[in-house]
Each structure stands twice: as structure tokens, then as C-alpha cells.
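Participant: Just to be clear, the model below is a prediction. Sequence and coordinates:
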Amino acid sequence: MTFIAAVVQDSPVVFNLDKTIQKVENLTQKAANKNADLVVFPEAFISAYPKGLDFGARIGMRSKEGREMFAMYYNSALDFESIYFKKLCQIAKKNKVIMSIGVIEKDNGTLYCTVLMISKKGEFIGKHRKVMPTAMERLVWGYGDGSTMPVIDTPIGKIGSVICWENYMPLMRMAMYSKGIQLYCAPTADDRETWISTMTHTALEGRCFVFSACQYLLREDCPDYYNPIQGNSKKTVLMNGGSCIISPLGDILAGPLRNKSGILTAEIDLNEIIKGQYDFDVKGHYSRPDIFKLFVNEKVNKATEYDN
């Protein structure tokens, strides 16, 4: 089958959940107007990837101002029991798209960098919590576990998500390939030119379509109290995009898009996956399970368990 996929490169209204949801609605409508069946948003689009902030942290101390900044971040995050979550489901249903969107999820006192997946019917079909936050991300985000690494069978193909530098974890990629992923969503905050080679390698290795979405974020998209290390000029670029769509044989179908916001689209033909697997199937005829095996722990990892 063939369908149109869209990758959104834009910015949220940083630390403003209500206005960011409104922007998601507008961008999803634009993608739907391009006949998209799948819409992929960047990492932490709701409602901020806090590029350039330190949240007042030093070894052995945290500042009052940093705690206040974290509270603002927390209050702009998505509660899956909230009206905002329901609104996202309504947006997907209204536009008849499968939505893959990076959100900051709040669960009790912890934030998670999460990808939320919603069906064309507006149904929540799965989520992936980032299992390995990178560097200072660990200051503000918790760790996901193996229970949220789904590959979901949908009418347009098997879809899953691997977030940003998780894509540098070979065993995680292999776990997704082994589940038969066809539509590999890779939301990211990595806007470097080297990222494209990573996405190309992933597409070739997994013989899957790769959709990488990164934000195009300027200082002026952030509130006045946002004080990034990059500087406070309104036109300072905090993230420069680089979004792309890549085929199972490593061809760049759209992008990389840089220096501006936009929506990339490409026609996706799942038969191209079969053509690619003719000579390379990393989970099948090009594997050696007699030599190499991967164990994946998919249990929920709870801090407290009660033996009843």
C-alpha cells in the first residue's frame, strides 16, 4: 500500500501548554491538507525541549531560580488524564491522521520525554518513554523502561518510536527491528549535519522508512524569562531543524530541512521494504541467532512493589 507521510518542523509556544496545543491543531490541519495519513512531530514538542537552560544546577546545589524554572516547565507538561490529552486525540480524529508527537509527560513528581501515538479514530494506541536521557536531560527527565517500547500494527504499517540519541543505542534499534518496525519515527533535538548519516544508517540497517523530526526554534519563541546560554537576541537560533524522511534503501525522500519551519511530505510504499529485505533482513536471513542473541526486559520497573 501507499500513503502520504508528513514530518513537522516547527516550534512550540515554549512553556505554554494551551497555546502549544492550539499550534499542534493548526500544524496537523496543514499536514492533513497535504493528504497526510501519518504526521510526525519533533521531540518534546509539548511544550518545550529546554535547549540552553541549566535550571540553576551546580554540583551539590540547586538555586531558587532554577526550582522556579522547573516548576514552570512541569506546569507546561502533559498529564495523560487531562483535557489537553483528550484534545490531542480529537485533533487526530478530526484530521483523520495517525499522530506521533513528542511530549513532556508528567507522572506524579517526575517528567518523562515521551512520544505519544494516536490513531485516526482519535484513540490512544501507545507511548514510548525515553529510556536514556542524554547529559543534563537527566536533571529534569526520568528514565523510561522496557514496558513502553511498542511497535504498533496500524492500517498503514507497523509504527514505533526511538527518541534522539537512543538511536545511537544499537541494542535498542535491534529491539525495534525485531518487532518488525516499518515506520520508524525518530523525533530529535539533534540539529547537527551528522544526524542525517545516523538516520540513513538506521533506514538501511532496519530496512524501514525513517521519519526524523526536529524543531526549528528561535529565542523569540520562548518567554522573556527564558535565559539560554546561546544568548538573548530574538533571532538567536536554538534549534535549526534538519528534519528528513528516508527510504529503506537509504534514499532521502524529503529534507533535510534547515533554517526555517515547514512540513515535509513523501509518498510511502511499503513494498519498498520487501525489496530492501531481498538482500538484507537483520532480524531474519541476515541474522545469526546461533551466535548473537538479544534479551529485552519489557517489565514495568516500579520503585515500590508489594508482596501480597
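Facilitator: Everything's here; your move.

Participant: any chance you could map the strands in the stretch 201-308 of the chain?
Facilitator: 209-212, 216-218, 237-246, 252-258, 262-269 (DSSP state E, counting those that start in this stretch).

Participant: most tightly surrounded among those strands?
Facilitator: strand 209-212 (a mean of 30; mean count of other C-beta atoms under 10 Å). Glycine gets a C-beta too; all of them are placed from N, C-alpha and C.

Participant: Nearest approach to Gln9 belongs to which of the strands of the stretch 201-308 of the chain?
Facilitator: Closest of those to Gln9 is strand 237-246, at 4.2 Å (criterion: C-beta to C-beta).

Participant: What is the end-to-end distance of stretch 152-172?
Facilitator: The first residue of stretch 152-172 is 16 Å away from its last residue (C-alpha to C-alpha, to the nearest Å).

Participant: how much space is there between Phe70 and Met149?
Facilitator: Separation of Phe70 from Met149 (C-beta to C-beta, to the nearest Å): 27 Å.

Participant: More neighbours: the two, which one.
Facilitator: Of the pair Phe70 and Met149, Met149 is the one with more neighbours under other C-beta atoms under 10 Å, namely 22 against 19.

Participant: my read: that one touches Val131, true?
Facilitator: Yes - with contacts defined as C-beta atoms under 8 Å, Met149 counts as touching Val131 at a distance of 7.5 Å.

Participant: Can you check which residues contact both of these two?
Facilitator: Met172 (C-beta atoms under 8 Å, 6 or more residues apart in numbering).

Participant: Next, find the distance separating the closest residue to Arg258 other than its chain neighbours from Lys158.
Facilitator: Ranked by C-beta to C-beta, 6 or more residues apart in numbering and with sequence neighbours excluded, the top spatial neighbour of Arg258 is Gly241, at 5.1 Å. Shown here: Gly241 relative to Lys158, a distance of 27 Å by C-beta to C-beta.

Participant: From what I see, Leu111 and Leu139 are in contact.
Facilitator: No - using C-beta under 8 Å, Leu111 makes no contact with Leu139, being 10.3 Å away.

Participant: Neighbour count for these two, which is higher?
Facilitator: Set Leu111 next to Leu139 and count neighbours by other C-beta under 10 Å: Leu111 wins out with 20 against 15.

Participant: same question for the helix or strand hosting the more buried one, mean pLDDT?
Facilitator: Taking DSSP states H and E as the definition, one finds Leu111 inside strand 110-118. For strand 110-118, mean pLDDT is 98.

Participant: In TSV: the strands of the stretch 201-308 of the chain, plus distance to Trp165 and mean pLDDT.
Facilitator: As requested, the strands of the stretch 201-308 of the chain are exported to TSV (distance: least, C-beta to C-beta, whole Å; pLDDT from 0 to 100):
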stretch	distance to Trp165	mean pLDDT
strand 209-212	12	98
strand 216-218	18	97
strand 237-246	14	97
strand 252-258	18	97
strand 262-269	22	98
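
Participant: Which one, of those, ends up nearest to Lys106?
Facilitator: Nearest to Lys106, of these and by C-beta to C-beta, is strand 216-218 at 21.2 Å.

Participant: which strands and helices sit next to the helix of greatest length in the chain?
Facilitator: Counting residues, the longest helix found in the chain (DSSP state H) is helix 17-33. Helices and strands touching helix 17-33, by 3 or more C-beta pairs under 8 Å, 6 or more residues apart in numbering; DSSP states H and E, are strand 2-9, strand 36-40, helix 83-95, strand 262-269.

Participant: Can I get the shortest one in PDB? Just the C-alpha atoms.
Facilitator: Same thing as strand 36-40. Provided in PDB are the C-alpha atoms of strand 36-40 (Å, rounded to 0.1, in the frame of the first residue of the first chain):
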ATOM      1  CA  ALA A  36      -1.000  13.100   5.000                       C
ATOM      2  CA  ASP A  37      -2.100   9.800   6.800                       C
ATOM      3  CA  LEU A  38       0.800  10.000   9.200                       C
ATOM      4  CA  VAL A  39       2.000  13.200  11.000                       C
ATOM      5  CA  VAL A  40       5.300  13.100  13.000                       C
END
